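Visitor: Quick check, what structure comes out for this input:
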Amino acid sequence: MHKLTLKEYNNVFKKQYPTLCTFSNTYIDNLEVSKDIVQEVFIKIWEDQIEFQDDNTIKSYLYTSVKNKSLNYLKSKQFKATESFPSKDIAELETDPFYFREVAISETVKLVEKAVNTLPAKCALIIKLSLQGLTNAEIAEELGLTLHTIKAQKKIAYKRLKPLLKESFVIIAFVFEINN
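Guide: Predicted coordinates for the structure are as follows:
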């Protein structure tokens, strides 16, 4: 068990902050409030000098804390005064299956983004647009490239991504399975 040094704390913040904001947003559907919630969790870690055994313990603490703070926000008087959210929906958000699914999705998105960011710029952009749901024709039109170029770039990208994501295949397959 050890307390995080400032450098370790900053590294954890940089690596986890965007993913945790997205994770919180799956609960409350308000990105600004999600950012505040995640910042509060990080502030608590620093101010209370919470000790962790390893990276997995930190991740577990972060996800659990963000989940709990997000749920507390949904149950707060402030939220209830401005929004209407059925309590049966909150009950669903409190379940372990929902939590585990959202953690798996968040971690998978992070793995895929990291792998895509290793690609050459044009390849990465094409794959990102494809992941956003654009067709090859739409990507070609948006980037002013031929359909053949888009297909060739995607082929290059898949060839480079396959070995990078090979070890994560089971997680990625699990996420796609639970989303269908």
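
Visitor: From now on I want contacts and neighbour counts done on CA atoms only, so please keep to that.
Guide: Will do.

Visitor: and the lengthiest helix in the chain, what's its mean pLDDT?
Guide: Taking residue count as the measure and DSSP state H as the definition, the longest helix of the chain comes out as helix 6-28. For helix 6-28, the mean per-residue pLDDT is 90.

Visitor: List the buried residues in it.
Guide: Within helix 6-28, the residues that qualify as buried are 12, 16-17, 19-28, counting by 16 or more other CA atoms under 10 Å.

Visitor: Which member of the residues you listed is positioned nearest D48?
Guide: Using CA to CA, V12 is the member of those that lies nearest D48, at 16.1 Å.

Visitor: Now do the closest one against L6, distance only.
Guide: 10 Å (CA to CA, to the nearest Å).

Visitor: Equivalent analysis for T135, please.
Guide: In this structure, T135 lies at 44 Å from L6, with CA to CA as the measure.

Visitor: tell me the contacts of L164?
Guide: By CA atoms under 8 Å, 6 or more residues apart in numbering, the contact set of L164 is A115.

Visitor: Okay, and it sits in which element?
Guide: L164 is part of helix 147-165 when elements are defined by DSSP states H and E.

Visitor: Check the offset of that helix from the chain's centre.
Guide: Taking the mean C-alpha point of helix 147-165 and that of its whole chain, the gap between them comes to 23 Å (CA atoms, centre = their mean, to the nearest Å).

Visitor: where exactly do the helices run in this protein?
Guide: Assigned by DSSP H, the chain shows helices spanning 6-28, 31-48, 55-75, 77-82, 87-93, 96-116, 121-131, 136-143, 147-165, 169-178.
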